[in-house]
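A.B. asks: The amino acid sequence is not available; the structure is as follows:
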């Protein structure tokens, strides 16, 4: 009826909205903590964080705001024992670029988005290497950064598949309500 105010959402509706909004950041944090286990791969935590952040920044930017990215990046720095701030700067730059190019990337094929992500992975690893070199006043070996970029680029298709299914389910749930 026109002019009739819509009833306020109930508690369950508000909890559902909150859970849907918090899911991307919480899921990324849980995956990062799981990746920090004794796997023998020190670059696994950044290689898990970057696909989550870039995917949600492109396909659901409201669910991955800059403060959430900063907290996830700080968690990454703490889990990897990296110099504090390097992950924050690199992931915030990657997030900002992903959001800026979002309108273009969301219309592209998976292969094109994956290639763009490979560029993000290389750029993030390179920026992290440069920041570490500046903070340490020494040139670290480039191999771990290259390994991180390759591992992240290799993991992206699996993450995109799973996160894409979750994103579709979230979108369908929002349309039914």
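C.D. replies: Ah, there it is. Everything quoted here is computed from the prediction, not taken from an experiment. Residues are numbered from 1 along each chain as shown.
A.B. asks: make it CA atoms for all contacts and neighbour counts henceforth
C.D. replies: Fine.
A.B. asks: Got the phi and psi for residue 39?
C.D. replies: Here is the backbone geometry of residue 39 (degrees, to the nearest 10): phi -100, psi -20.
A.B. asks: Check residue 81 too.
C.D. replies: Dihedral angles (degrees, to the nearest 10) for residue 81: phi 60, psi 30.
A.B. asks: In the chain, which residue is most central in space?
C.D. replies: The residue lying closest to the centre of the chain (CA atoms, centre = their mean) is residue 53, at 1.0 Å.
A.B. asks: And that one, what's its pLDDT?
C.D. replies: Looking at residue 53, its pLDDT reads 97.
A.B. asks: Please apply the same query to residue 12.
C.D. replies: Here, the pLDDT recorded for residue 12 equals 80.
A.B. asks: Please report the distance of it from residue 18.
C.D. replies: Using CA to CA, to the nearest Å, one obtains 10 Å as the distance from residue 12 to residue 18.
A.B. asks: Likewise for residue 81?
C.D. replies: According to CA to CA, residue 81 and residue 18 sit 31 Å apart.
A.B. asks: what does residue 158 give?
C.D. replies: Using CA to CA, one gets 26 Å for the distance from residue 158 to residue 18.
A.B. asks: again with residue 121
C.D. replies: Per CA to CA, residue 121 is found 30 Å from residue 18.
A.B. asks: which of these two has more neighbours?
C.D. replies: Here residue 121 and residue 18 are set side by side on neighbour count (other CA atoms under 10 Å), and the busier one is residue 121, at 27 against 11.
A.B. asks: host element of the more buried one?
C.D. replies: Secondary-structure element containing residue 121, defined by DSSP states H and E: helix 110-136.
A.B. asks: And the host helix or strand of residue 24, what does it pack against?
C.D. replies: Taking DSSP H and E as the criterion, residue 24 maps to helix 11-35. In terms of contacts (3 or more CA pairs under 8 Å, 6 or more residues apart in numbering; DSSP states H and E), helix 11-35 is packed against helix 44-59, helix 66-80.
A.B. asks: what angle sits between the last one and helix 11-35?
C.D. replies: To tie it back to what came earlier, the one meant is helix 66-80. Note on geometry: by axes from the mean of the first three to the mean of the last three CA atoms, to 10 degrees, helix 66-80 and helix 11-35 are set 30 degrees apart in direction.
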